[in-house]
Structures are given as C-alpha cells and as structure tokens.
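A.B. asks: Fold the stuff below for me.
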Amino acid sequence: MSIILGIDPGSRITGYGLIQVEKTQATYVASGCIRMPTDDLPARLLTIYQNVGELIRQYAPSQAAIEQVFVGKSVSSALKLGHARGAAILAIAEADLPLGEYAPRTIKQAVAGTGAADKEQVQAMVVRLLGLNRTPSADAADALAVALCHSYSDNPYGALR
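C.D. replies: Numbers count the residues shown, from 1 in each chain. As a prediction, the model looks like this:
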C-alpha cells in the first residue's frame with residue numbers, strides 16, 4: 001500500500017491530489033487547491049513550498065508526481081510555471097520522496113485514453129476511476145490525474161484500470 005501525492009503546479013493556483021494504492025485498487029484520500037493570496041512571486045512560491053510541505057507532513061505519502069512544464073503561448077507564463085514546479089519539487093525533495101514527472105499529454109492519455117482530452121474529460125474520468133460522488137475542481141482533478149498516471153506507470157501489478 002502506498003499514498004501518492006500528485007501536483008498540478010500553477011503560479012496562481014496549484015492543485016494537489018492524494019490517492020492510496022493497494023495492488024490494483026486506487027482510492028481517493030484528499031484533494032484541493034493551494035491559492036496564492038498575493039501577486040508577489042516570491043511570496044507565492046513560499047506559499048507553494050510551505051503548503052506542499054504541510055501536505056506531506058499531514059498525509060505521509062510514499063511517492064510524489066508532478067506535471068512537467070509545457071510552453072504554450074507565453075514564455076513568461078512558462079517560466080512562472082517552472083518556478084511554481086520548483087517550489088513544489090523542493091518540498092518533495094526535502095521530504096526525500098521519490099518523484100515522477102509526466103508530460104500533460106501522458107497524463108491525459110493515462111486517465112482519459114487520449115492525450116488530447118480536455119479539462120472536463122479529465123475531471124469526468126477522475127470521478128469515474130476513483131468513484132467520487134462529486135466533481136473536484138479542474139486543478140484538483142488534474143492533480144489526482146497526475147497521481148493516477150504515476151500509479152499506472154509505477155504499479156508492479158500493471159494498470160489499475
């Protein structure tokens with residue numbers, strides 16, 4: 001049995017999701033969003049670092065996974081996203097957790113069956129795969145999808161689906 005922390009990094013909102021995996025069964029533990037209270041970049045990065053550290057202390061995951069940076073229309077946005085990833089990765093490294101990193105298309109392919117899935121498709125599949133009775137926010141669902149993707153690639157019993 002292991003608990004996996006999934007992170008969907010963002011400089012304004014960072015999603016997190018925790019699942020517990022036992023053999024071929026993944027179950028929901030917790031999810032939510034770390035919302036940045038300020039426009040000051042150093043303060044936002046500190047918020048991410050502190051909150052991810054607190055999640056690790058609270059839930060004691062044995063592994064973590066994070067979405068890789070993709071460069072969309074704005075290089076500036078990609079750099080800020082990279083900073084947010086760095087803050088989360090620092091908290092994960094400080095806790096000495098093994099870390100998996102996955103491209104957005106890989107995550108979507110793992111949970112929705114297509115790398116071109118939209119946010120709503122990912123949310124719907126996360127609800128289905130984890131048997132949730134409510135739909136998590138897009139950022140929390142993305143983080144749960146990261147954790148599920150990691151569980152599929154790291155599971156000695158094969159895909160959990």
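
A.B. asks: All the strands of this structure, residue numbers only.
C.D. replies: All strands of the chain, identified by DSSP state E, fall at 2-8, 13-22, 25-35, 63-67, 99-102.

A.B. asks: in its sheet, what does the fourth one sit against?
C.D. replies: This points to strand 63-67. Strand pairing for strand 63-67, using DSSP bridges, gives strand 2-8 (parallel), strand 99-102 (parallel).

A.B. asks: all helices of the chain, in order?
C.D. replies: 41-59, 75-94, 104-112, 119-130, 138-154 (DSSP state H).

A.B. asks: and residue 7, which of those is closest to it?
C.D. replies: helix 75-94 (5.0 Å; C-beta to C-beta). Bear in mind the C-beta positions are built from the backbone N, C-alpha and C, glycine included.

A.B. asks: And the closest one, what does it pack against?
C.D. replies: Judged by 3 or more C-beta pairs under 8 Å, 6 or more residues apart in numbering; DSSP states H and E, the packing partners of helix 75-94 are strand 2-8, helix 41-59, strand 63-67, strand 99-102.

A.B. asks: For the residue of the chain most remote from its centre, what are phi and psi?
C.D. replies: Most distant from the centre of the chain: residue 40, at 23.3 Å, with distances by C-alpha atoms, centre = their mean. Backbone torsions for residue 40, taken as degrees, to the nearest 10, come to phi -70, psi 110.

A.B. asks: Now do it, the pLDDT please.
C.D. replies: pLDDT, residue 40: 94.

A.B. asks: re earlier: winner for burial among the helices of the chain?
C.D. replies: Neighbour counts (mean count of other C-beta atoms under 10 Å) averaged over each of the helices of the chain peak at helix 138-154, with a mean of 25.

A.B. asks: Next, the angle from that helix to helix 119-130.
C.D. replies: On the basis of axes from the mean of the first three to the mean of the last three C-alpha atoms, to 10 degrees, helix 138-154 is oriented at 50 degrees to helix 119-130.

A.B. asks: about what we covered before: of the strands paired with strand 63-67, flag the one that's most buried.
C.D. replies: Highest mean neighbour count of the strands paired with strand 63-67: strand 2-8, a mean of 25 (counted as mean count of other C-beta under 10 Å).

A.B. asks: ok, residues contacting that one?
C.D. replies: 14-21, 29, 52, 55-56, 59-67, 85, 88, 92, 97, 139-140, 142-151 (C-beta atoms under 8 Å, 6 or more residues apart in numbering).
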